[in-house]
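> Below is the structure, and that's it, no one-letter string:
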Ligand SMILES: Cc1ncc(COP(=O)(O)O)c(C=O)c1O
């Protein structure tokens, strides 16, 4: 089955991992700091690595102080973790609808959803196109909330020339194999605010602090440390950080290849009846993570089944998050976000990854055209 996304691994990745395995540090060593410095070059803000994109969200919400009684305004057109990691901290998740074309959080809907209890407004850069953070920032600031960008799809993208990583107070990344770069499992949080970076570092290290300026007792001895707030062990090992740094060196090439393949889909699928191609935004220079088409006339399920039967691993991104029984059981009902639901009803992600060959892409295009009868 041709996958919808997959990693690109070469000899430089293997060399970097083997070198880390032979070093003194499998975890908590120098390669973690190196990878964080490399990430900062791309994200434009200091980065704290963690074990995956879900724990990046959990750590980011914890650093934002999200707790019981708080509200988090977010989009339903995302992987469940964007919402569930806030719910696990006790927050009430408030879903606001999405823009019809990009499927990103609609600033007007977010504005209508914020209250004095909103602690975080969390956008998602769907398919790699950044959300409209300029408008969302005004909304989050006027509500006294922090702005979070779930950039699991969009590391390497820019918005009005500014890198994803600088657009929100907290930006989370995932390095799962289907993402723009991979560490197997892995993630990071970027923040433009030093106090949040410090909280993130402490949270991902089980809450441990050794900073003499912070210790309540300073006369115990050199071994002494304290925990002032609960945290978890979310540390990314050096072996994976080494892979991340090697991958980042090729991020520009990955972006160029994804742009080439997306432009090729645009060209080869232009004018096909019953098909709508993904939205563009003039302000964005996106890292094209997904190629999300819309299948019209109620044929999405049929097209999905027939492409899969032909060995083409298309994917649906995403089931509206509040449809999951865990939210349904909390009282969330279908119909809450009609734009997201009609987007979901038509959405289909075609294969897109750096190592996708032109030949395989041609097969996707020909099979899809054949099904749609053009
Ligand atoms: C939008 C979004 N948010 C969060 C995540 C969670 O990332 P991970 O799979 O690394 O935990 C993903 C990845 O599946 C994602 O696509």
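Noted; the coordinates are in hand. The model shown is predicted, which means the values in this text are computed figures rather than measured ones.
> Quick check, residue 209 in contact with residue 231.
No. Contact status for residue 209 versus residue 231: not in contact, 9.7 Å apart, counting by CB atoms under 8 Å. C-beta here means a position set from N, CA and C on the backbone, and glycine is covered the same way.
> Number of residues surrounding whatever residue of the stretch 1-150 of the chain ends up closest to the ligand?
Residue nearest to the ligand within the stretch 1-150 of the chain (CB to the nearest ligand atom): residue 53, separated by 2.3 Å. If you count neighbours by other CB atoms under 10 Å, residue 53 ends up with 27.
> Next, work out how far apart residue 122 and residue 106 are.
14 Å (CB to CB, to the nearest Å).
> still on that earlier bit, so the residue of the stretch 1-150 of the chain closest to the ligand is in contact with residue 176, correct?
Yes. Assessed by CB under 8 Å, residue 53 is found in contact with residue 176 at 6.5 Å.
> Please go through the chain and pick out the longest strand.
strand 118-124 (DSSP state E).
> which SS state does the one residue sitting closest to the centre of the chain fall under?
For the chain, residue 152 is the residue whose C-alpha lies nearest the centre (CA atoms, centre = their mean; 1.4 Å). Classification of residue 152 by DSSP: H, G, I helix; E, B strand; the rest coil places it in coil.
> which residue sits closest to it, ignoring its sequence neighbours?
Closest residue to residue 152 apart from its sequence neighbours, by CB to CB, 6 or more residues apart in numbering: residue 174 at 3.9 Å.
> So between residue 122 and residue 106, which is more surrounded?
The neighbour count for residue 122 versus residue 106, taken as other CB under 10 Å, is higher for residue 122 (34 against 25).
> what about the stretch 251-374 of the chain, any weak spots by pLDDT?
Judged by pLDDT under 70, the stretch 251-374 of the chain has no weakly predicted residues.
> Going by residue numbers, what spans are helices in it?
Here the stretch 251-374 of the chain has its helices, by DSSP state H, counting those that start in this stretch, at 251-269, 300-309, 325-328, 338-346, 358-372.
> So which of these is nearest residue 190?
Shortest distance between residue 190 and these, using CB to CB, is found for helix 251-269: 14.6 Å.
> how long is stretch 229-248 from one end to the other?
End-to-end distance for stretch 229-248: 33 Å, by CA to CA, to the nearest Å.
> For the stretch 151-300 of the chain, which residues are neighbours of the ligand?
152, 153, 174, 176, 187 (CB under 6 Å from any ligand atom).
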